[in-house]
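> Structure, please.
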Amino acid sequence: MALTELSSPEALQSFKSSNANALICFSATWCGPCKAAKPQLEALASEYQSTGGAVAVGIAYEHNLGDAVHSNNIRAFPTYVLFVDGTEKGRVEGVNFDGIRRMVDEAGCKKKDLGVGHSLGGAATAASAEDARAARLAKLGAPARAAPPPAPASASESVADDDSKPAAAVKDVEMEDAADTAGGEEKPTDAAAAAAADESMVEADAAAEEEKTEMVDPTESLNKEHLDALTSSMGFTLIRAQKGLLNGNGGTVEGAVEWLMQHQDDADIDEPIPFVPKAGGGGGAGGGVAQSYKCNECGKILSNMANLELHANKTGHSDFEESTKAVKPLTAEEKANKVEEIKALLKAKRTEREEAEKAQSIESEKARRFMGQEMAKTREQMEREALKRDALMRKKEKEAARRERERLRAEIAKDKLERQANKGKLKTTLGADGYNPSAVQYDVADLAEGVVAPKKAFKADPKKIDEYNPSAVQYDVADLAEGVVAPKKAFKADPKKIDEYIKKVSSYRAGGDGQKCLKILLAYVGNVVDKPEEEKFRSINTENKAFKTKVKPFLGAKALLVAVGFKQNEAGDALVLKEDADRDTLKETKAKLEAAYAAY
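Below you'll find the predicted structure:
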């Protein structure tokens, strides 16, 4: 292979020392331009090898060289460095094979001297065109044709002409005659041989004329600024940039980029560009290359596909064809006018955008003011409602104060009557709630008549404490035993009203309080039903936070627990399940609680 890969710093040093002219490409496996340019580098190496090995080409990757990359002062990939007798003569950074060739030519790298060639028969002799023509005729077995003479040729001249033929040609003719005779074939006549010779001569002359046609490099006429823009600014390889400019519409950068985008996956995209016949020569190709597009509806010439699509969108035209006419580049004055036109268009667009933004700003300000007015109205409405609530509260407070004054007046009048009936003595006690008798109660009618007939004091039985409802009677047991206070009637929960209790709890919707209460009641009842043997589930602590905040405040919650069999203990801090609690009632209540919780 013409391209040598250098896998270590030692191989790099050996390659430089063993080759008088060494061109080394410092590359990297992660470098995109390096990968794209490698086929061109291999073609260049093959070119130098085919011309006698003037320059040995190698490639070295940075991951194999290590610190050798820094010792060679490599600042970019790829970098092509030319070494002559181990000394650096020049370098090219980036993909630029024209620059590489110029660097090699300027360094004076010559191909190997192969010496002077000699023919096998002796010294080299240059044959004229007429001699070569005569030799080809002799090989075909026909006499050489001379220019038409002014008079018929004599026999002696013919003999002389025959004698003037080269010995090799005569020998060939004699050998062919002998072969034809041995094969039994009849030798063609002199006329037929002459015709065949004429035909061969025509073909040979055409080949010679074709060889004389001057072949030129089509890339020499390309715009250097366009090449620099495609290679340096856009990162295309040199050969791709050249093909893009040659095949793109109008020879412009836009046309080249468009062509490269369409043909970047072609198999021959990185192959060298062949030479073409010089324009105006005999072998020049006819016809033209499509360099632009033409609108058949209006006749406008468009330089590239982007302009074609823009024209189609603006005008609605759809009939286009390729054209060999190149779009004339704009002059400096035309460019200036175009720039001014674009500036005016941008200014108009900017003005239109500013007007739209101004209108949008006005609409936003209107919306903001409207929302502010609505918020002010809402705030005023809320303030009026707050004033109404305050006024109603003050009215209620005044009404309560009036009733309290009337109550006090009634108490005072009652005390006066009592003093009158008891000779100025007051037997009642003054409590925290005012002059409310604790144990002795009198009828107002009797007091008005001056007759005091106290009712019999209530005597509480300590044995019947469990029958009283502690939630309704808030007195000490000792006071009840002494008969100081008459307790209210004990609360009795009815198991037949369990559905009503559940409905009351479910009616609490604010903040999901009813659902939370149902969940805790379901836990209390479900634990007793599922695990009746565990003693801890038979008692409910009424002093914990969960019971006080999520069960006790809601009507029907505690009544439900009492209805299924729970009762208050003697200490008053827990509800305990009775021994004779109905298991069926507990199971039915659990099912009802589950249904109510799911339907909440």
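
> how about the strands in this protein?
The residue ranges that make up the strands of the chain, judged by DSSP state E, are 3-6, 21-27, 56-61, 79-84, 87-93, 215-216, 276-277, 292-295, 301-302, 320-323, 539-541, 566-568, 574-577.

> If you count contacts, what does the third one end up packed against?
So that's strand 56-61. Here strand 56-61 touches strand 3-6, helix 9-18, strand 21-27, helix 32-50, going by 3 or more CB pairs under 8 Å, 6 or more residues apart in numbering; DSSP states H and E. All C-beta spots, glycine's among them, are computed from the backbone N, C-alpha and C.

> Name the residues that touch the second one?
For helix 9-18, the external contacting residues (CB atoms under 8 Å, 6 or more residues apart in numbering) are 4, 6, 22, 24, 56, 58, 60, 65-68, 83, 86.

> In PyMOL, how would I select just the buried ones from those residues?
Selection of buried members from the contacts of helix 9-18 for PyMOL, criterion 16 or more other CB atoms under 10 Å:
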select buried, resi 4+6+22+24+56+58+60+65+68+83
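
> Columns mean pLDDT on top of the helices and strands packed on strand 56-61, output as JSON lines?
Converted to JSON lines, these look like this (pLDDT from 0 to 100):
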{"stretch": "strand 3-6", "mean pLDDT": "90"}
{"stretch": "helix 9-18", "mean pLDDT": "91"}
{"stretch": "strand 21-27", "mean pLDDT": "92"}
{"stretch": "helix 32-50", "mean pLDDT": "87"}
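
> Make CSV from the ones you listed and add distance to P329 to it.
Shown next, in CSV, are the helices and strands packed on strand 56-61 (distance: least, CB to CB, whole Å):
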stretch, distance to P329
strand 3-6, 40
helix 9-18, 47
strand 21-27, 36
helix 32-50, 29
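
> what's the most buried one of those?
Highest mean neighbour count among those (mean count of other CB atoms under 10 Å): strand 21-27, with a mean of 24.

> How about T231, nearest residue that isn't a chain neighbour?
Excluding the flanking residues, the one nearest T231 by CB to CB, 6 or more residues apart in numbering is A241, at 5.2 Å.

> Around that neighbour, count how many other residues there are.
Burial of A241 is recorded as 26 neighbouring residues (other CB atoms under 10 Å).

> OK, contacts around it?
H226, L227, L230, T231, A256.

> same question, S50
Counting by CB under 8 Å, 6+ apart, S50 has no contacts.

> closest one to G90 among the helices and strands packed on strand 56-61?
strand 21-27 (9.9 Å; CB to CB).

> Please name every helix or strand in contact with the closest one.
By 3+ CB pairs under 8 Å, 6+ apart, strand 21-27 packs against helix 9-18, helix 32-50, strand 56-61, helix 62-65, strand 79-84, helix 97-106.

> got the phi/psi numbers for L222?
Backbone torsions for L222, taken as degrees, to the nearest 10, come to phi -80, psi 150.

> Could you give the number of residues near the closest residue in space to it that isn't next to it in sequence?
Excluding the flanking residues, the one nearest L222 by CB to CB, 6+ apart is L245, at 5.0 Å. Look at L245: counted by other CB under 10 Å, it has 24 neighbours.

> these two touch, right, L245 and G251?
Yes. Between L245 and G251 there is a contact at 5.5 Å, judged by CB atoms under 8 Å.

> Could you list the low-pLDDT ranges of this structure?
1, 53, 110-214, 249-250, 277-290, 427-491 (pLDDT under 70).

> Which helix in it has the most residues?
As assigned by DSSP state H, the longest helix anywhere in the chain is helix 332-421.

> I'd like to know which elements that helix is packed against.
Contacts defined by 3+ CB pairs under 8 Å, 6+ apart place helix 332-421 against helix 444-449.

> Relative to G526, which of the contacts of helix 9-18 is nearest.
Using CB to CB, the contacts of helix 9-18 come closest to G526 at G66, 76.2 Å.

> excluding its backbone neighbours, what's nearest that closest one?
Closest to G66 by CB to CB, 6+ apart is P9, at 6.8 Å.

> if I look at T324, how far off is H226?
20 Å (CB to CB, to the nearest Å).

> between the two, which one's more packed in?
H226 (20 against 11).

> Can you give me the distance of the more buried one to A598?
Counting by CB to CB - H226 and A598 are separated by 78 Å.

> And the helices in the stretch 451-600 of the chain, which stretches?
In the stretch 451-600 of the chain, the segments counted as helices under DSSP state H, counting those that start in this stretch are 477-482, 498-506, 513-530, 545-550, 557-564, 583-599.

> Mean neighbour count and distance to G235 for these - can I get that in a markdown table?
Listed next are the helices of the stretch 451-600 of the chain as a markdown table, based on neighbours: other CB atoms under 10 Å; distance: least, CB to CB, whole Å:
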| stretch | mean neighbour count | distance to G235 |
| --- | --- | --- |
| helix 477-482 | 14 | 99 |
| helix 498-506 | 19 | 74 |
| helix 513-530 | 19 | 67 |
| helix 545-550 | 14 | 72 |
| helix 557-564 | 23 | 79 |
| helix 583-599 | 15 | 68 |
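
> Kindly reformat those as JSON lines containing distance to E309.
Shown next, in JSON lines, are the helices of the stretch 451-600 of the chain (distance: least, CB to CB, whole Å):
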{"stretch": "helix 477-482", "distance to E309": "101"}
{"stretch": "helix 498-506", "distance to E309": "69"}
{"stretch": "helix 513-530", "distance to E309": "65"}
{"stretch": "helix 545-550", "distance to E309": "72"}
{"stretch": "helix 557-564", "distance to E309": "77"}
{"stretch": "helix 583-599", "distance to E309": "64"}
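
> Relative to E297, which of the ones you listed is closest?
helix 583-599 (73.9 Å).

> Check which helices and strands the closest one sits against.
By 3+ CB pairs under 8 Å, 6+ apart, helix 583-599 packs against helix 498-506, helix 513-530, helix 557-564.

> Out of those, which is closest to E594?
helix 513-530 (6.4 Å).

> list the residues that contact both of L245 and G251?
L222, N223, H226.
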